[in-house]
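Novice: how does the following fold in three dimensions:
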Amino acid sequence: MNRIYGITLAILLSVTAIHAQSQEKTVTITTNVGTMKARLYDDVPNHVRTFVNRARQGEFNGTLFTRVIKEFMIQGGAPDSRNAPAGARCGFGDSSAEILPELNDKYFHKKGALAAPRQNDDVNPQKKSDMSQFFIVQGKVYRNGELDTLEMIANQDIRKKALNEYYRPVSVDLKMLKQSNKREYNKRVAAINAKIDSVILATPGHLIFTEEQRKAYTTIGGCHHLDGIYTIFGELTEGFDVLDIIANQPKDQYDRPKKDIRIISVTVE
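Specialist: Got it, this is the predicted structure:
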């Protein structure tokens, strides 16, 4: 009886998981150079709801990708780009379309991340997202050594303070111990390093790449420096070649493509 119950429970959990996945919406972005598809996350509700509403109202249809930067991102959807003359600067923000951020540590700016742009902190201290537009990350591929260096640079001040607290007061004793009892020395050094690592992890502004981030950034690439700053609400599932085509377009001094890259339609299923 217990075996039957266990099997039934497993089936129910499986069905529940499939149903939960099916709640995620799919967006299709059709442009004059190809089509991209993305899935929208179900745990960034306000951004997804706002994006879906604007898409279904046709707010993005006929607009342009107004800012494209190779190895960085492509940005489009701005209302003022719909009938913008060739060469005109466009893609300005719309404060009436701003919403509060929904930052989620489990999402990061890997290639294909779909996110909301925003104004800088000096005029937008709440980090509100401008939902009149969106951007998609292209980014660059990093080497593991580059990520190690980025961590070291970001954490060096924190590590220095922790070393002063935990290592320097016992440094003389450790040198003596290293000569007399190597095993005990290694044990104490490991304990000190563990304390230093704990301080780094507990300090705001630290940088430690997760295994998932390292895998993504060293294979498909991304823009790590955007993490924790912009709200990501989806990711590309198809059309990475189209993303590359758009990001690599010749552009003017305002990063607008010299040849209009038009969003024909944005539909959501």
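Novice: which parts of stretch 91-100 are buried?
Specialist: Residues of stretch 91-100 classed as buried: 91, 93, 97-99 (neighbour count, 16 or more other C-beta atoms under 10 Å). C-beta coordinates here come from the backbone N, C-alpha and C atoms, glycine included.
Novice: tell me the least confident of those?
Specialist: Across these, the bottom pLDDT score, 86, is held by residue 93.
Novice: you'd agree that residue is up against residue 132?
Specialist: Yes: using C-beta atoms under 8 Å, residue 93 is in contact with residue 132, at 7.1 Å.
Novice: who touches both of those two?
Specialist: Counting by C-beta atoms under 8 Å, 6 or more residues apart in numbering, the contacts common to residue 93 and residue 132 are residue 78.
Novice: farthest pair in the buried residues of stretch 91-100?
Specialist: Spanning the widest gap among the buried residues of stretch 91-100 are 91 and 99, at 18.7 Å by C-beta to C-beta.
Novice: tell me where the stretch 151-269 of the chain has helices.
Specialist: Remark: helices assigned in the stretch 151-269 of the chain by DSSP state H, counting those that start in this stretch are 171-180, 182-202, 211-217, 240-247.
Novice: show me the one of these that comes nearest residue 107.
Specialist: The closest of those to residue 107 is helix 211-217. By C-beta to C-beta, the value is 10.4 Å.
Novice: for that closest one, packing partners?
Specialist: helix 144-166 (3 or more C-beta pairs under 8 Å, 6 or more residues apart in numbering; DSSP states H and E).
Novice: would you mind getting the angle between the helix it packs on and helix 171-180?
Specialist: 110 degrees (axes from the mean of the first three to the mean of the last three C-alpha atoms, to 10 degrees).
Novice: how far away is the residue lying closest to residue 257 once chain neighbours are set aside from residue 81?
Specialist: Of all residues not flanking residue 257 in the chain, residue 249 sits nearest, at 4.0 Å (C-beta to C-beta, 6 or more residues apart in numbering). Using C-beta to C-beta, to the nearest Å, we find residue 249 at a distance of 15 Å from residue 81.
Novice: name the residue in those two with the higher neighbour count.
Specialist: Each of residue 249 and residue 81 has its neighbours counted (other C-beta atoms under 10 Å); residue 81 has more, 24 against 18.
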